[in-house]
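# Quick one, structure for this:
(one chain, ligands or ions: 1)
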Amino acid sequence: MNSNGLAINNHVIPLNMTVINRTAYDEVDYPSYVYPQTHPDRLATIATLLGMNPAPVEACRVLEMGCGAGGNLIPMAFDLSESSFVGVDLAGSAIAQGWELIAALGLKNISLQQLDVMAFPCELGQFDYIIAHGLFSWVPEVVRDRILAICRAHLAAQGVAYISYNAYPGCRLREIARDIMRFHSKDKHQAAEKVGQSRAVIKWIAEAQVQTNSYANFLTEMNNRLMKRDEGSIYHDELADVNVPLYFHEFAAQAHKHGLQFLSEADYFERSADSSFTVEAARQLDQIGEEDTLAESNIWIS
Ligand SMILES: C[S@@+](CC[C@H](N)C(=O)[O-])C[C@H]1O[C@@H](n2cnc3c(N)ncnc32)[C@H](O)[C@@H]1O
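Numbers count the residues shown, from 1 in each chain. Okay, here's the model as predicted:
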């Protein structure tokens, strides 16, 4: 480390001097998993198939916004030793956990910084791949706008950004459960109590149904899922104050406003409807065109 910042592969990254208050993610950890659909190899492969000439994954720069404890980014850095990785997140505790793992692995090609994306420094430079998984729908509008602006300003030529968000209309179903859980747990203050009450109320309503219909089926499925889910993810996903799903057309309009161009779904086979629909429905969807179909995990280029 030098006096101005952290050096990775000779690229100096300024340390953020802004004081950041503790966040809900410092109080309750969010599970930090690997998301294969965000890996530069996946992004580069899809970009190449669609006619781009993206940076080789063996020698690229990757940024992840809202990286949490680095569960997604650190394995990439471990695997791609000649590439460099920068992760930023508002939660200091998650960043500290990430650094512990980085130190234990002895990695020199990754830096995690506690940083509000609203204060993203332009000195961080250009990136070949930018990842924002599980961030866009979890932040207010002004931050969503900033995330897109960062993608536009910091994507290198032939750069690729991966942005996921919660998508309508599918999320309408999840919102039924979210509304029930938030209402039922609103007077509880501890995270564990809130999650406990939320699980309990869905279980009770699911088991109270006497009719077999789509509502009862949904509640049973939700109950089963909640029993298996991590407490932190229920707290930060279902019970979060900000959890904003968007229609693809809304997301696309915002991204276009920032000069970003839609490339593909991150699951390449979702580009073709064949895998999820009947042959006839897939044929009809193909005729409608890509930009009008449903999408929740997209790749964008500047
Ligand atoms: C729902 S969690 C997702 C974490 C991880 N990306 C994942 O998908 O598992 C949202 C993350 O975004 C971070 N975050 C929220 N607002 C942020 C901001 N303004 N700047 C940077 N990170 C932010 C939170 O601290 C949290 O770690």
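# Which other helices and strands does the strand or helix carrying residue 250 contact?
In the assignment (DSSP states H and E), residue 250 maps to helix 248-257. Contacts defined by 3 or more Cβ pairs under 8 Å, 6 or more residues apart in numbering; DSSP states H and E place helix 248-257 against helix 141-154, strand 297-301. Yep, even glycine has a C-beta here, placed from its N, CA and C like the rest.
# Roughly how far does whichever residue of the chain sits closest to the ligand sit from residue 140?
At 2.7 Å from the ligand, residue 134 is the closest residue in the chain, using Cβ to the nearest ligand atom. Applying Cβ to Cβ, to the nearest Å, the value for residue 134 to residue 140 is 15 Å.
# do the same with residue 97
Per Cβ to Cβ, residue 97 is found 25 Å from residue 140.
# So for this structure, the centremost residue is which one?
Most central in the chain under Cα atoms, centre = their mean is residue 133, positioned 1.4 Å from the mean C-alpha point.
# Going by mean pLDDT, which of the helices and strands packed on helix 248-257 comes out lowest?
Among the helices and strands packed on helix 248-257, strand 297-301 carries the lowest mean pLDDT, at a mean of 72.
# all helices of the stretch 151-300 of the chain, in order?
Remark: helices assigned in the stretch 151-300 of the chain by DSSP state H, counting those that start in this stretch are 171-184, 191-208, 214-228, 231-233, 248-257, 279-288.
# which regions of the chain sit below the pLDDT cut-off?
Within the chain, the segments meeting pLDDT under 70 span 1-18, 270-276, 285-297, 302.
# go with 80
For the chain, applying pLDDT under 80 flags the ranges 1-19, 268-279, 281-302.
# Can you pull the residues of it lying near the ligand?
Those residues of the chain that sit near the ligand, judged by Cβ under 6 Å from any ligand atom, are 23, 25, 30, 32-33, 66, 68, 88-91, 94, 116-118, 133-135, 138-139, 143, 236.
# Now that we have the residues you listed, which of them are buried?
Neighbour-count burial (16 or more other Cβ atoms under 10 Å) applied to the residues of the chain next to the ligand gives 23, 25, 30, 32, 66, 68, 88-91, 94, 117, 133-135, 138-139, 143, 236.
# Give me the distance between the helix holding residue 250 and the centre of its chain.
Mean-position distance between helix 248-257 and its chain equals 17 Å (Cα atoms, centre = their mean, to the nearest Å).
# Domain ranges for this structure, per the record?
Residue ranges for each domain of the chain read 5-167+245-301, 171-238, as given by automatic domain parsing.
# In contact with the closest residue to residue 193 other than its chain neighbours: list those residues for me.
Spatial nearest neighbour of residue 193, chain neighbours left out: residue 185 (7.3 Å); criterion: Cβ to Cβ, 6 or more residues apart in numbering. With contact set as Cβ atoms under 8 Å, 6 or more residues apart in numbering, residue 185 has these partners: 193-195, 197-198, 201, 239.
# With residue 78 instead?
Neighbour list for residue 78: 105, 107 [criterion: Cβ under 8 Å, 6+ apart].
# Regarding it, which helix or strand does it belong to?
Here residue 78 is assigned to helix 73-79, by DSSP H and E.
# Please point out which parts of that helix sit buried.
For helix 73-79, burial by neighbour count (16+ other Cβ under 10 Å) applies to 73-74, 76-78.
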